[in-house]
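Student: sequence first, then the predicted structure:
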Amino acid sequence: KASALAVAASTMPEPPPTPIPSPHDKFFHEAFSRPEVARQFFETYLPPAIVQHCDWTTLQLQPGRFVDAQLTGQQTDLLYTVQCAGQPLCLYLLFEHKSAPDIWTRLQLLQYMVRIWTQWLKEHPSRAQGARLPPILALVVHQGPEPWTLSTRFLDLVGLPPEVREALETYQPKFEHGLVDLATVPMDQIGGALVVKVLL
């Protein structure tokens, strides 16, 4: 009987492996939480005028996550700071793995940027005259089957009547996010050092 049970057990299919919770999230965080990898990525995909003024030896990963809880299965984020032209610059990296580009990503980014500034104020309390918030450069990395065809300008999300557009624009938030759209880049054309190419 024992041998029969052993044979039967050996022929039974193995149970499927337990899914890794949020595999995109885990992979992204483990890879891009390494400052040397993040630096190579930023140096490749940020505007050259900004890259050349950054002291990359000061690049630091900041604690905390800013993505809404209900979006953690579709968005992952990391926040770095670096000295740029002698001043702190926040580099916010949002990794999107949605099935299609989301028109509301720009609104979500605005919310995340406000959270970053709010956290900054808590960590750097100052009531000194002339105190300033650090600039934030938000970069979206999109991974999905469809190309990113949406505007990267927040203002394009706001309905402004043509008759009063110029007058109303002054009172609206104005920013543009960077974009690395992996859906449109052939594998052999992905830029960056070898480790960045492999990761992307």
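Tutor: Noted; the coordinates are in hand.

Student: how about stretch 41-58: buried residues?
Tutor: Using 16 or more other C-beta atoms under 10 Å as the test for burial, stretch 41-58 gives 41-46, 50, 54, 56. The way it works is simple: take the backbone N, C-alpha and C, and place the C-beta from them, glycine included.

Student: now, which of these sits nearest Trp104?
Tutor: Nearest to Trp104 among those, counting by C-beta to C-beta, is Tyr45 at 23.1 Å.

Student: and for Gln75, the neighbour number?
Tutor: 24 (other C-beta atoms under 10 Å).

Student: again, but for Ile116
Tutor: Ile116 has 22 neighbours, counted by other C-beta under 10 Å.

Student: follow-up on the earlier one: can I get the buried residues of stretch 41-58 in a markdown table with secondary structure, pLDDT and distance to Lys98?
Tutor: Formatted as a markdown table, the buried residues of stretch 41-58 follow (DSSP: H, G, I helix; E, B strand; the rest coil; pLDDT from 0 to 100; distance: C-beta to C-beta, whole Å):
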| residue | secondary structure | pLDDT | distance to Lys98 |
| --- | --- | --- | --- |
| Phe41 | helix | 93 | 20 |
| Phe42 | helix | 95 | 23 |
| Glu43 | helix | 94 | 27 |
| Thr44 | helix | 91 | 23 |
| Tyr45 | helix | 92 | 20 |
| Leu46 | coil | 95 | 23 |
| Ile50 | helix | 97 | 27 |
| Cys54 | strand | 98 | 30 |
| Trp56 | strand | 97 | 31 |
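
Student: which SSE is the residue nearest to the spatial centre of the chain in?
Tutor: By C-alpha atoms, centre = their mean, the chain has its centre lying nearest to Leu94, at 1.3 Å. Remark: Leu94 resides in strand 87-96, with elements defined by DSSP states H and E.

Student: which strands or helices does the helix or strand following that strand pack on?
Tutor: Remark: after strand 87-96, the chain's next helix or strand is helix 105-123, criterion DSSP H and E. Contact here means 3 or more C-beta pairs under 8 Å, 6 or more residues apart in numbering; DSSP states H and E; on that basis helix 105-123 packs against strand 75-84, strand 87-96, strand 136-142.

Student: please repeat the previous calculation with a cut-off of 6 Å.
Tutor: For helix 105-123, the packing partners by 3 or more C-beta pairs under 6 Å, 6 or more residues apart in numbering; DSSP states H and E come out as strand 136-142.

Student: picking up where we left off before, would you reformat the buried residues of stretch 41-58 as a markdown table and include distance to Gln62?
Tutor: Converted to a markdown table, the buried residues of stretch 41-58 look like this (distance: C-beta to C-beta, whole Å):
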| residue | distance to Gln62 |
| --- | --- |
| Phe41 | 16 |
| Phe42 | 14 |
| Glu43 | 19 |
| Thr44 | 21 |
| Tyr45 | 19 |
| Leu46 | 17 |
| Ile50 | 18 |
| Cys54 | 16 |
| Trp56 | 16 |
